[in-house]
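Colleague: Give me coordinates for this.
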Amino acid sequence: MEKKLLTKLPYVKKKEEPLLKVLRSHPSDKKEIEKLILNEINNKEVLAFINKNFDIAQKQTFITSTATRFNIDKLEENSVSNIINLKKINDARYINKFFESINSRLPNSGLFFGTVETYPNRRRALLEKYPPVINYFIYFFDTLFTRVFPKLGLTKKIYFYLTKGKGRVLSRAETYGRLYSCGFEIVDEKTIENSQYFIAKKVEEPVFDNDPSYGPIIRLNRIGKNNKRFNVYKLRTMHPFSEYLQEYIYSKNKLQEGGKIKDDFRISPEGRIFRKFWIDEIPMIVNILKGDMKLVGVRPLSPHFFGLYSTELQEERVKVKPGFIPPFYADLPKTMDEIMDSEMRYLKAYQKSPVKTDLRYLYLSLKNVFIKGARSN
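Modeller: Here you go, the predicted model:
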């Protein structure tokens, strides 16, 4: 049975655990609650981070250390306003279902405190724990087992049979993406001793994706001709659930030269290589064959990025199909304004002479790529 740390629960199990008994004897004793939290996590910096965001002695603050939905679902509706979970979500078998349970018990603007071990956290912990050379061998096999096995269809069942889903390593992007898909937004975060801690606020109900994509080929919702939505096929370059973080990343990091998001932690190491040489865009040939796109044209944009464009450019964009080779490679703009000007020039020219314009932009793009070494970023 999992060890739990609870404050003022609206229910009592038949056999109370020692921690629960203590808290029920001293329901508003902050020092006693802090002592119990430290017994669980043994880190004063984490406790300070919790105290910064929560009143732990408040009646509606629920404190637990669990990786199962059972201990969340047992809470009565409208009985808590904040949930603090001291156990890493890496041990939760069905993470989204776990987050959905937390969402269902919190009111709008209610806060959820959680922790996760990410890939960089895990790497630092293993390299610091073991002697040089040996530590890299251990890290290699640990990565293979905890990062690769859970993602492959052939080894996924073996992994979860052996581990029951515990100890799985997650990327920061996947963790936050899952939270956003479950109706939360990140309001604070901190890395403490090889663990990532976060404060998430409930802002809406969860998004139930009945056809999630975890594999190497992903489908991205984009805006096409006549404002029609269609799926663009690409090789995965981002961690799973990253698509839910677009607005969060944009608000935090803004754009760099070329219109891409600066320091985008959603991109995986192999993804950066794929993007540099356009390997990730090869599956978009399927979109050309299906008739959703053409060879040369403006980039197919997500609804969020489409909303960043001027109304005039939005209206011009939906008059034509998006393209595989954008005018970006012909003009090489650097700022967002320059990108919009480049696309507007292309669209105006295309309306007057479609074939001639596409041939000219194709020639200029190939020249910049193969002679000037232009690359995707």
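Colleague: For the closest residue in space to K234 that isn't next to it in sequence, the count of nearby residues, please.
Modeller: Nearest residue to K234, sequence neighbours excluded (C-beta to C-beta, 6 or more residues apart in numbering): D280, at 5.1 Å. Heads up, the C-betas are built off the backbone N, CA and C, glycines and all. Other residues near D280 come to 21 when the count uses other C-beta atoms under 10 Å.
Colleague: Ok, T191 next?
Modeller: A count of nearby residues for T191, using other C-beta under 10 Å, gives 13.
Colleague: Any chance you could give me stretch 234-244 in CSV, C-alpha atoms only?
Modeller: What follows is stretch 234-244 as a C-alpha-only set of coordinates in CSV (Å, rounded to 0.1, in the frame of the first residue of the first chain):
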residue,chain,number,x,y,z
LYS,A,234,6.0,14.7,-40.7
LEU,A,235,8.7,12.7,-38.9
ARG,A,236,8.6,13.4,-35.2
THR,A,237,11.1,16.0,-34.1
MET,A,238,9.5,16.9,-30.8
HIS,A,239,8.7,15.0,-27.7
PRO,A,240,5.2,13.5,-27.4
PHE,A,241,2.4,16.0,-26.4
SER,A,242,4.5,19.0,-27.5
GLU,A,243,1.8,20.2,-29.8
TYR,A,244,-0.2,21.3,-26.7
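Colleague: Now do the same for it: mean pLDDT, whole number.
Modeller: For stretch 234-244, mean pLDDT rounds to 87.
Colleague: neighbouring contacts of it?
Modeller: Contacts of stretch 234-244 from elsewhere in the structure, counted by C-beta atoms under 8 Å, 6 or more residues apart in numbering, are 171, 173-174, 176-178, 180-181, 207, 212-218, 220, 266-268, 270-272, 274-275, 279-284, 302.
Colleague: Could you check how far that stretch is from the centre of its chain?
Modeller: Averaging C-alpha coordinates over stretch 234-244 and over its chain gives two centres that are 8 Å apart (C-alpha atoms, centre = their mean, to the nearest Å).
Colleague: And stretch 279-293, by the same measure?
Modeller: With C-alpha atoms, centre = their mean as the basis, the mean position of stretch 279-293 lies at 25 Å from the chain mean.
Colleague: Tell me the buried residues in it?
Modeller: With burial defined by 16 or more other C-beta atoms under 10 Å, the residues of stretch 279-293 counted as buried are I279, D280, E281, P283, M284, N287, D292, M293.
Colleague: mind pulling up the phi and psi values for V298?
Modeller: Dihedral angles of V298 (phi, psi; degrees, to the nearest 10) stand at phi -70, psi 150.
Colleague: Was I right to think it contacts E343?
Modeller: Yes. The pair V298 and E343 qualifies as a contact (C-beta atoms under 8 Å) at a distance of 5.0 Å.
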